[in-house]
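K.L.:
No sequence on hand, only this structure:
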């Protein structure tokens, strides 16, 4: 293999979805090189990235250990990595019933948490004008999503099969964002205490800590260069 790392990960220094892929690569001990695309310059929508991912979004992975196999959409990447590189199911569901439950939560994360949290972030921080009704709508939906999770986590420690899996991992980056200022006036420890405890358990994992240290380093370097 001519590449120094097994995977190339096209991502963004701040975008939560790219960090999901990094988290699982780290958990599985797989080597990867991150290419941080500059969204302000539109690098995600130009070559070479758009030649790999016609949707022009992050993340995209290239698996150099599997004939340069290319895959995009973050939760599809999680499933691929788990199925190919976690044969003992240490981080994924093993029974048929749990596999469907795992899919249920991955779909909920992708169709519920990601879009609502993302739209809240857009209208709060990036939209050219303030639209209070949009911020109120998406803040309410973000709280609702966390409420769904809190209700489930009141009954069990993990979402699927009584163990930490990619279903849990998929929620980490956006939940961190939601717990640290995305939702106006929201105190996750008070309003979703079971989510808060679940998140803290995940953030304490060595592989997760390593990725967040990498993220802090990248962002600090970016800030100092400005």
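P.N.:
Received the coordinates, thanks. Nothing here was measured: the structure is a model prediction, and the numbers come from that model.
K.L.:
all helices of this protein, in order?
P.N.:
With DSSP state H as the criterion, the chain has helices at 16-27, 49-52, 74-85, 96-108, 114-121, 132-153, 166-169, 172-177, 188-191, 193-203, 206-225.
K.L.:
May I see those helices organised as CSV, with mean neighbour count and distance to residue 67 added?
P.N.:
In short, each C-beta sits where N, CA and C put it, glycine included. Listed next are the helices of the chain as CSV, based on neighbours: other CB atoms under 10 Å; distance: least, CB to CB, whole Å:
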stretch, mean neighbour count, distance to residue 67
helix 16-27, 24, 18
helix 49-52, 15, 14
helix 74-85, 20, 12
helix 96-108, 16, 25
helix 114-121, 20, 29
helix 132-153, 17, 38
helix 166-169, 25, 23
helix 172-177, 23, 29
helix 188-191, 14, 43
helix 193-203, 17, 33
helix 206-225, 13, 26
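K.L.:
and the ones you listed as a markdown table, adding distance to residue 33 and mean pLDDT?
P.N.:
Supplementary listing: the helices of the chain in a markdown table, determined by distance: least, CB to CB, whole Å; pLDDT from 0 to 100:
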| stretch | distance to residue 33 | mean pLDDT |
| --- | --- | --- |
| helix 16-27 | 10 | 97 |
| helix 49-52 | 14 | 97 |
| helix 74-85 | 15 | 98 |
| helix 96-108 | 25 | 98 |
| helix 114-121 | 25 | 95 |
| helix 132-153 | 32 | 96 |
| helix 166-169 | 21 | 98 |
| helix 172-177 | 19 | 96 |
| helix 188-191 | 33 | 95 |
| helix 193-203 | 24 | 98 |
| helix 206-225 | 12 | 87 |
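K.L.:
and the ones you listed as JSON lines, adding distance to residue 9?
P.N.:
Below are these laid out as JSON lines (distance: least, CB to CB, whole Å):
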{"stretch": "helix 16-27", "distance to residue 9": "6"}
{"stretch": "helix 49-52", "distance to residue 9": "11"}
{"stretch": "helix 74-85", "distance to residue 9": "9"}
{"stretch": "helix 96-108", "distance to residue 9": "19"}
{"stretch": "helix 114-121", "distance to residue 9": "18"}
{"stretch": "helix 132-153", "distance to residue 9": "26"}
{"stretch": "helix 166-169", "distance to residue 9": "15"}
{"stretch": "helix 172-177", "distance to residue 9": "14"}
{"stretch": "helix 188-191", "distance to residue 9": "28"}
{"stretch": "helix 193-203", "distance to residue 9": "20"}
{"stretch": "helix 206-225", "distance to residue 9": "11"}
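K.L.:
right, and the ones you listed - which one's nearest residue 59?
P.N.:
Of all the helices of the chain, helix 16-27 sits nearest to residue 59, with 4.1 Å by CB to CB.
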